[in-house]
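Chemist: Based on what follows, work out the 3D shape:
(one chain, ligands or ions: 1)
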Amino acid sequence: MRALCVTVDLDRDVNIMVPGSVAAGSIDRGNGTDPRFSSSEKGLLLLVDLFDEIAVKATFFAEAATLRRIDAGMLSGYEVGVHGADHEDITAIEGADNKRAILERAVDTVKDAVGKAPECFRAPYMKTDEETLDILPELGIRIDSSRYVGMSRSLMPERLSNGVWEIPVPESRDAGGKKISAFLWPMHESKRRPEDYLEMASAMDEGAFVLATHTWHIVESRERGLMSPGEIESNIFNVRKVLEGIMDMGMTALTLTDVRKAAETQSR
Ligand SMILES: [Zn+2]
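Modeler: You can find the predicted model right below:
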């Protein structure tokens, strides 16, 4: 198996932790930190258009509150997993029961919105712990993608002791020794080039190369604010360059569930 897993966090615009609040906010651009969702929805539309055009089967990790505010019909045909209810730092929630209540709500929202029970989970901020991992099977979740793993020739999914498959996001060092992960956000912030991700992906011989991004990051920069039409166009152009470049290396774009099934067959 040589898979490209395109994963997209569908969450509130430029999310930030808000002190004293379990729910996340959006970055303060002069009107406070109340969550906004418009960039997230716009970015989703652009990404779905791109994925349709170049035939990429992607996996979205949808935060429940965002999912309720956008047209979930756009996700039709894609795999949709869970990304919290209000983009909580799940590690800051005390007690397994409280964690379970939040995640249950998130699972139910995905199920209602897309008509299918979610099987994948990515923790908001990529922050997770053992207690959370142990709850996942009870909720019908079979795949976790909340961790980073060092880049290597073989990136095969790993089956954890509780039966959940870990399909992590790879991280590595570039030629200059600088840390790089397969999260595309530095490229959206003009700090990385598509070639950096192509070089990273080319180091994998077998397994699943998990790329990740956020929908809002296609149209809004954390540092510079809303992007101009020209910036958005070049941002999408760069995402296309990364995806097409990796598929040109012979990797097949698969959902996380596709990869889990392939790994299960191989392990039998
Ligand atoms: Zn997120």
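Chemist: got the phi/psi numbers for the nearest residue to Val18 once chain neighbours are set aside?
Modeler: Nearest residue to Val18 in three dimensions, chain neighbours excluded: Gly25, at 4.2 Å (CB to CB, 6 or more residues apart in numbering). (Each C-beta comes from the backbone N, C-alpha and C, glycine too.) With angles defined as degrees, to the nearest 10, Gly25 sits at phi -120, psi -170.
Chemist: how near is Asp86 to the ion?
Modeler: From Asp86 over to the ion the distance is 11 Å, taken as CB to the ion, to the nearest Å.
Chemist: In which helix or strand does that residue reside?
Modeler: Taking DSSP states H and E as the definition, Asp86 sits outside all helices and strands.
Chemist: what's near enough to touch the residue nearest to Val18?
Modeler: Shown in contact with Gly25 (CB atoms under 8 Å, 6 or more residues apart in numbering): 12, 15-18, 32-35.
Chemist: go on, Ile135?
Modeler: Residues near Ile135 by CB under 8 Å, 6+ apart: 96, 99-100, 103.
Chemist: Bridged to the residue nearest to Val18, which residues?
Modeler: With DSSP bridges applied, Gly25 shows beta-bridge pairing to Ile16.
Chemist: pretty sure Ile102 is touching Ile90, no?
Modeler: Yes. Using CB atoms under 8 Å, Ile102 makes contact with Ile90 at a distance of 7.1 Å.
Chemist: out of those two, which sits in the more crowded spot?
Modeler: Between Ile102 and Ile90, counted using other CB atoms under 10 Å, the more crowded position is Ile90 (25 against 19).
Chemist: Regarding stretch 19-39, how distant is the last residue from the first?
Modeler: Start and end residues of stretch 19-39 are separated by 23 Å (CA to CA, to the nearest Å).
Chemist: actually stretch 52-67, not the one I typed
Modeler: End-to-end distance of stretch 52-67 (CA to CA): 20 Å.
Chemist: Look up the closest residue to Asn238, ignoring the ones flanking it.
Modeler: Pro194 (4.9 Å).
Chemist: Pretty sure that neighbour sits against Glu244.
Modeler: No. When contacts are counted by CB under 8 Å, Pro194 is not listed as touching Glu244 (9.5 Å).
Chemist: Count residues in the vicinity of the nearest residue to Glu231 once chain neighbours are set aside, would you?
Modeler: Spatial nearest neighbour of Glu231, chain neighbours left out: Ser221 (7.8 Å); criterion: CB to CB, 6+ apart. Neighbours of Ser221 under the rule other CB under 10 Å: 18.
Chemist: Contacts only, for Ser221.
Modeler: Ser221 neighbours (CB under 8 Å, 6+ apart): 188-190, 227, 231.
Chemist: and Pro137, how many residues sit next to it?
Modeler: 13.
Chemist: swap in Ala117?
Modeler: Neighbours of Ala117 under the rule other CB under 10 Å: 13.
Chemist: ok, so what distance separates it from Val210?
Modeler: Applying CB to CB, to the nearest Å, the value for Ala117 to Val210 is 22 Å.
Chemist: before we move on, back to that, show me just the buried residues among the contacts of Gly25.
Modeler: Buried members of the contacts of Gly25, scored by 16 or more other CB atoms under 10 Å, are 12, 15-18, 33, 35.
Chemist: Surely Gly163 and Asp144 touch.
Modeler: No. When contacts are counted by CB under 8 Å, Gly163 is not listed as touching Asp144 (10.9 Å).
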